[in-house]
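*Asks:* With the input below, show me the fold.
(chains A and B)
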Amino acid sequence: EDKVVQSPLSLVVHEGDTVTLNCSYEVTNFRSLLWYKQEKKAPTFLFMLTSSGIEKKSGRLSSILDKKELSSILNITATQTGDSAIYLCAVEASSGGGADGLTFGKGTHLIIQP
Amino acid sequence: DAGVTQSPTHLIKTRGQHVTLRCSPISGHKSVSWYQQVLGQGPQFIFQYYEKEERGRGNFPDRFSARQFPNYSSELNVNALLLGDSALYLCASSLMAGNIQYFGAGTRLSVL
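*Replies:* Next up, the predicted model:
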């Protein structure tokens, strides 16, 4: 059974700090790893990492995929209160013509204090 | 452009009833997936449809069913509701199966 584990489950930091969120996975036939930000209801897409694209950056956010360690990190620098959210890591696997959907971790609840 | 839209936003049902949730994908997207998110957990995969055919199914009982229409919108049906079905039901669309999935705001279902 595919498995995604995120750590820490919750994190409280002060505005301006840098945070690193972790995601490890065990899947058969890995295809891609995705990061989403969930503030109220709809998870919003941040990054997709694949074997051919292991590092992504957008503004203060960046993410790296470690194919050897089967893990990924999401870094947020100079955090702002608007970064407070649940950050979800998901993995997509390919399964011989079918679709297994995304397997999600439990998420990291990040709280940025002013 | 409109994102993924879901209706209704909230729903209250009693045990044993049936519910239908609806989803309209982003224009041009042909694949729709459904997820269940229980409080404190990540979303759990229920179904994926592509070009009106079921492409994948998660570990959910037969009380859960879905379909995709010619305009690529989708319905999720749940029969014989149980208290444990209370959750946020998320719909996601993608250009095709295997592409980035974009999520709607979900339907919050409460079963009493």
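
*Asks:* all contacts plus neighbour counts: C-alpha atoms, from now on.
*Replies:* Will do.

*Asks:* ok, and for the helix or strand harbouring residue B:23, which residues are buried?
*Replies:* Assigned by DSSP states H and E, residue B:23 belongs to strand B:19-24. For strand B:19-24, the buried set under the neighbour-count rule, 16 or more other Cα atoms under 10 Å in any protein chain shown, comprises B:19, B:21-24.

*Asks:* May I see those residues organised as CSV, with pLDDT and distance to residue A:32 added?
*Replies:* Below are these laid out as CSV (pLDDT from 0 to 100; distance: Cα to Cα, whole Å):
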residue, pLDDT, distance to residue A:32
B:19, 98, 33
B:21, 98, 29
B:22, 98, 28
B:23, 98, 25
B:24, 98, 25
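
*Asks:* re earlier: can you dump the C-alpha atoms of the strand holding residue B:23 in PDB for me?
*Replies:* The C-alpha coordinates for strand B:19-24 follow below in PDB (Å, rounded to 0.1, in the frame of the first residue of the first chain):
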ATOM      1  CA  VAL B  19     -26.700  12.200  -1.300                       C
ATOM      2  CA  THR B  20     -25.500  13.500  -4.700                       C
ATOM      3  CA  LEU B  21     -22.600  15.900  -4.900                       C
ATOM      4  CA  ARG B  22     -21.800  17.800  -8.100                       C
ATOM      5  CA  CYS B  23     -18.600  19.000  -9.800                       C
ATOM      6  CA  SER B  24     -17.800  21.200 -12.800                       C
END
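
*Asks:* what residues does it touch?
*Replies:* With contact meaning Cα atoms under 8 Å, 6 or more residues apart in numbering or on different chains, strand B:19-24 is reached by B:4-8, B:13, B:72-79, B:81, B:91, B:107.

*Asks:* swap the cut-off to 10 Å and go again
*Replies:* Contacting residues not belonging to strand B:19-24 are listed as B:2-9, B:11-13, B:32-34, B:64-66, B:68, B:71-81, B:89-93, B:104, B:106-107, B:109 [Cα atoms under 10 Å, 6 or more residues apart in numbering or on different chains].

*Asks:* now do stretch A:67-75
*Replies:* Contacts of stretch A:67-75 (Cα under 10 Å, 6+ apart): A:4-7, A:18-27, A:30, A:33-35, A:46-47, A:49-51, A:54-57, A:60-66, A:87, A:89.

*Asks:* what does chain A put close to chain B?
*Replies:* Counting by Cα under 10 Å from any Cα of the partner chain, the positions of chain A adjacent to chain B are A:4, A:9, A:31-32, A:34, A:36, A:38, A:40-45, A:47-48, A:86-90, A:92-95, A:97-109.

*Asks:* Now a ChimeraX select for only the buried ones of the residues you listed.
*Replies:* Here is the ChimeraX command that selects the buried residues among the residues of chain A next to chain B (16+ other Cα under 10 Å):
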select /A:4,9,32,34,36,38,41,42,43,44,45,47,48,86,87,88,89,90,92,93,94,99,100,101,102,103,104,105,106,107,108,109
